[in-house]
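*Asks:* Kindly generate the corresponding structure for this input.
(one chain, ligands or ions: 2)
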Amino acid sequence: MQIAIVGLAGSGKTTVFNTLTRGHAETGGFGGLTLNVGVVKVPDERLDKLAVIFKPKKIVQADVTYVDLPAPPASSEGRVGTEELPAEHLARLRDSDALLHVVRAFEDPSNPHPHGSVDPERDIEGLDLEFILADLAMVDRRLERLGSSGRHGTTAEREANEREEVILKRLKTALDAGRPIRDEHLDVDDARAIRGFRFLTEKPALILLNIGEGEIAGAPELVARIAAGYPHEHALVEALSAKIEMELGELDPEDARTFMEELGIAESGLGRVIALSYRLLGLISFLTAGPDEVRAWPIPDGTAAVDAAGAIHTDLSKGFIRAETVAYEDLLTLGSMAEARKAGRLRSEGKTYRVKDGDVLEILFSR
Ligand SMILES: Nc1nc2c(ncn2[C@@H]2O[C@H](COP(=O)(O)OP(=O)(O)OP(=O)(O)O)[C@@H](O)[C@H]2O)c(=O)[nH]1
Ligand SMILES: [Mg+2]
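*Replies:* Ligands and ions are numbered 1, 2, ... in the order given. You can find the predicted model right below:
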């Protein structure tokens with residue numbers, strides 16, 4: 001799973017990246033073109049609790065990759081233009097599963113906003129428009145090609161082309177009206193037909209308002225206001241003081257606690273953002289537990305047991321017999337798989353069983 005950190009120049013993308021990855025990438029680059037990549041372990045206290053029971057050799061958390069993309073340079077017309085992004089960056093962006101859109105909400109007279117004022121709504125709209133234009137350019141190019149060469153080929157090819165044309169025209173109407181593709185409620189077949197384009201406005205987005213340290217108390221109100229004005233599908237709004245979180249991450253836990261008390265912060269925003277990005281991607285975790293390892297496996301919500309087995313290894317999916325399943329809470333209360341079985345809480349589930357978050361699975365398979 002990969003999440004792209006996007007946003008206007010100087011909004012705090014690299015600061016957020018450092019916070020999430022506990023990294024030390026250079027901030028304040030102002031239009032520098034460095035791309036940062038980091039892997040973040042998803043905190044999951046269930047793993048620690050299971051480890052007490054199973055005493056495994058290791059604990060493996062689920063992970064998410066974050067890519068910090070530099071803001072696109074201003075185009076000749078003064079817009080930020082995705083077309084000006086280096087090809088490698090654009091490919092990274094398209095290959096991401098979701099967007100973490102960092103928006104400047106902090107005031108800092110010593111570091112003026114490039115547009116002269118701090119205005120989160122304007123900035124959100126600005127970047128959204130860029131992404132809409134980038135998708136629209138792809139749709140137009142493809143429609144043009146389909147118009148000229150799409151009439152050739154076998155019957156099956158022509159039919160597929162016609163079908164694609166219908167979907168793309170629908171997307172064009174939406175994009176022309178300023179609507180992101182994720183608002184279109186495409187059915188499964190249509191979504192599959194356009195998957196190869198990796199449209200930017202189809203990706204789920206987490207709008208992260210980067211607030212100043214003096215604005216933490218007002219954060220819920222700000223989030224509510226921005227969310228009310230952003231009624232889009234697969235979009236969440238959250239606030240974080242990136243600079244503070246980055247500084248917190250550099251302190252040892254005791255000092256961090258004192259610092260948080262001084263600032264009146266109840267909990268660190270870091271875990272919240274990681275958990276939110278997980279939710280945004282529609283991911284859940286199933287767990288495996290044994291003497292070797294206790295581990296969380298990320299899968300899309302709705303995954304069938306046979307496919308969940310495949311996330312561990314393709315052999316497990318090919319030779320799938322059944323999944324011995326117990327809910328994490330039951331396992332924790334009862335203390336072992338054997339006790340769970342005695343208590344009738346261990347279920348044998350077949351291929352099509354829809355795996356739930358926190359299911360502890362043992363896959364039985366034949367080679
Ligand atoms: N006062 C204040 N400054 C911040 C905050 N977050 C980031 N900054 C500062 O804003 C400047 C830009 O932050 P970066 O994280 O480099 O922003 P960026 O979006 O990565 O910038 P580019 O990569 O150049 O587009 C740096 O000087 C940061 O220290 C904040 O919450 N409060
Ligand atoms: Mg940066």
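
*Asks:* Do you have the helices of the protein handy? List them.
*Replies:* Ranges of helices within the chain are 13-21, 45-54, 87-95, 120-149, 155-176, 188-193, 219-228, 242-250, 253-263, 269-280, 305-312, 314-318, 328-334, 337-342, based on DSSP state H.

*Asks:* Which one of those helices lies nearest to S110?
*Replies:* Taking Cβ to Cβ as the criterion, S110 comes closest to helix 242-250 out of these, the separation being 12.7 Å. Just so you know, the C-beta spots here come from the backbone N, C-alpha and C atoms, and that holds for glycine as well.

*Asks:* buried set for that closest one?
*Replies:* Using 16 or more other Cβ atoms under 10 Å as the burial criterion, the residues of helix 242-250 that qualify are 242-249.

*Asks:* Alpha carbons of that helix, as PDB, please.
*Replies:* Provided in PDB are the C-alpha atoms of helix 242-250 (Å, rounded to 0.1, in the frame of the first residue of the first chain):
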ATOM      1  CA  ALA A 242       3.100  18.800  11.700                       C
ATOM      2  CA  LYS A 243       6.000  20.900  13.200                       C
ATOM      3  CA  ILE A 244       5.000  20.000  16.800                       C
ATOM      4  CA  GLU A 245       4.500  16.300  15.900                       C
ATOM      5  CA  MET A 246       7.900  16.200  14.200                       C
ATOM      6  CA  GLU A 247       9.500  17.700  17.300                       C
ATOM      7  CA  LEU A 248       7.600  15.400  19.600                       C
ATOM      8  CA  GLY A 249       8.900  12.400  17.500                       C
ATOM      9  CA  GLU A 250      12.500  13.500  18.200                       C
END
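
*Asks:* angle of that helix against helix 13-21?
*Replies:* 30 degrees (axes from the mean of the first three to the mean of the last three Cα atoms, to 10 degrees).

*Asks:* Who are the packing partners of helix 242-250?
*Replies:* Packing contacts for helix 242-250, counted by 3 or more Cβ pairs under 8 Å, 6 or more residues apart in numbering; DSSP states H and E, involve helix 13-21, helix 253-263, helix 269-280.

*Asks:* so which of these comes closest to G229?
*Replies:* Between G229 and the helices and strands packed on helix 242-250, the tightest spacing by Cβ to Cβ is seen for helix 269-280, at 18.8 Å.

*Asks:* Which elements pack onto the closest one?
*Replies:* Helix 269-280 sits against helix 13-21, strand 63-68, strand 98-104, strand 205-210, strand 235-240, helix 242-250, with contacts defined as 3+ Cβ pairs under 8 Å, 6+ apart.

*Asks:* Redo the ones you listed as JSON lines? Include mean pLDDT.
*Replies:* Shown next, in JSON lines, are the helices and strands packed on helix 269-280 (pLDDT from 0 to 100):
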{"stretch": "helix 13-21", "mean pLDDT": "91"}
{"stretch": "strand 63-68", "mean pLDDT": "91"}
{"stretch": "strand 98-104", "mean pLDDT": "95"}
{"stretch": "strand 205-210", "mean pLDDT": "94"}
{"stretch": "strand 235-240", "mean pLDDT": "92"}
{"stretch": "helix 242-250", "mean pLDDT": "86"}
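
*Asks:* Tell me which of those sits nearest to ligand 2.
*Replies:* Evaluated with Cβ to the ion, the helices and strands packed on helix 269-280 place helix 13-21 nearest to ligand 2, the distance being 3.3 Å.
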